[in-house]
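Asker: Okay, here's the prediction I keep looking at, along with the sequence it came from:
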Amino acid sequence: MNLKLQWSLKSFDELTNYELYELLRLRNEVFVIEQKCVFLDQDNKDQKCHHLLGIDNGSLMAYTRIVPPGLSYEYPSIGRVVVSPAGRGKSYGNELMRMSIQFLEDLYGLSAIRIGAQLYLRAFYESFGFEQSSEIYDEDGIDHIEMTRLPASGEL
C-alpha cells in the first residue's frame, strides 16, 4: 500500500504533550468551529483509547481514536474521524479509514466494528463495508446514524 501519511498509533499515556495538543486542536477546529457544533469534546474516553495520528511534514493531517469494546458500544469503534482542512482533497480520509480498520483489528482481532456517523457521510463509510444499523438520531444538532462493519468472515 502506497501511504501518503506517516502513521503513529499511541495509547493516551504514550502521547506527547505536543501530540495531545495537536489532536485536540484539530478536533476543535473541525467539530466545534467548522461544523458550528458546541459540545464538550473531552468526554473522558480519550484516556482509555488508542489514537491514530496521520502526519505530513510534521503537521497532523488526519486522526481517529480507536475505542475499545464496551466503552461506547458492545464492539470496538472508530471515533472522532477527522481530516485537517489543509489536507482535504488528497484522499487522506480514505487512507485514514483503511489504517484505522487495520490498527483496530491488530488491537482487538477480527470483530464487528460499530461507529456513530454523521448521516451525510453514510456513502463514505459504506465504501469500507459499514452498513446503517440504526435510525437517524440527532447528536449535537447534526443527524447521525450508527453503522456496523462485520468482520471479513461475516460472522459474529
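Answerer: Good, I have the coordinates.

Asker: quick one: low-confidence parts of this structure?
Answerer: Low-confidence segments of the chain, defined by pLDDT under 70: 1, 153-156.

Asker: Burial check on Phe12, number of neighbours?
Answerer: 14 (other Cβ atoms under 10 Å). Any C-beta I mention is one placed from the backbone N, CA and C, and that applies to glycine too.

Asker: show me what contacts it?
Answerer: 46-49, 51 (Cβ atoms under 8 Å, 6 or more residues apart in numbering).

Asker: same check, this time on Glu19
Answerer: Glu19 neighbours (Cβ under 8 Å, 6+ apart): 10, 51, 53, 60.

Asker: Out of those, name the ones that lie in strands.
Answerer: 10, 51, 53, 60 (DSSP state E).

Asker: Just give the number of residues close to the last one.
Answerer: What that stands for is Leu60. Look at Leu60: counted by other Cβ under 10 Å, it has 22 neighbours.

Asker: cool, and the first one?
Answerer: For Lys10, the tally of surrounding residues (other Cβ under 10 Å) stands at 16.

Asker: any idea how far it is from Gln35?
Answerer: To Gln35, Lys10 is 26 Å away according to Cβ to Cβ, to the nearest Å.

Asker: Where is the longest helix in this protein?
Answerer: Scanning the chain for the longest helix, with DSSP state H as the assignment, gives helix 92-108.

Asker: Only C-alpha atoms, please: export that helix in PDB.
Answerer: This file holds the C-alpha atoms of helix 92-108, laid out as PDB (Å, rounded to 0.1, in the frame of the first residue of the first chain):
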ATOM      1  CA  TYR A  92      -6.300  11.300   3.400                       C
ATOM      2  CA  GLY A  93      -9.800  10.300   4.600                       C
ATOM      3  CA  ASN A  94      -9.700   7.000   2.700                       C
ATOM      4  CA  GLU A  95      -6.200   6.200   3.900                       C
ATOM      5  CA  LEU A  96      -7.300   7.200   7.500                       C
ATOM      6  CA  MET A  97     -10.200   4.700   7.500                       C
ATOM      7  CA  ARG A  98      -8.100   1.900   5.900                       C
ATOM      8  CA  MET A  99      -5.400   2.400   8.600                       C
ATOM      9  CA  SER A 100      -8.000   2.800  11.400                       C
ATOM     10  CA  ILE A 101      -9.600  -0.600  10.500                       C
ATOM     11  CA  GLN A 102      -6.200  -2.300  10.200                       C
ATOM     12  CA  PHE A 103      -5.000  -1.000  13.600                       C
ATOM     13  CA  LEU A 104      -8.300  -1.800  15.300                       C
ATOM     14  CA  GLU A 105      -8.100  -5.400  14.000                       C
ATOM     15  CA  ASP A 106      -4.400  -5.500  15.100                       C
ATOM     16  CA  LEU A 107      -5.500  -4.500  18.600                       C
ATOM     17  CA  TYR A 108      -8.800  -6.400  19.000                       C
END
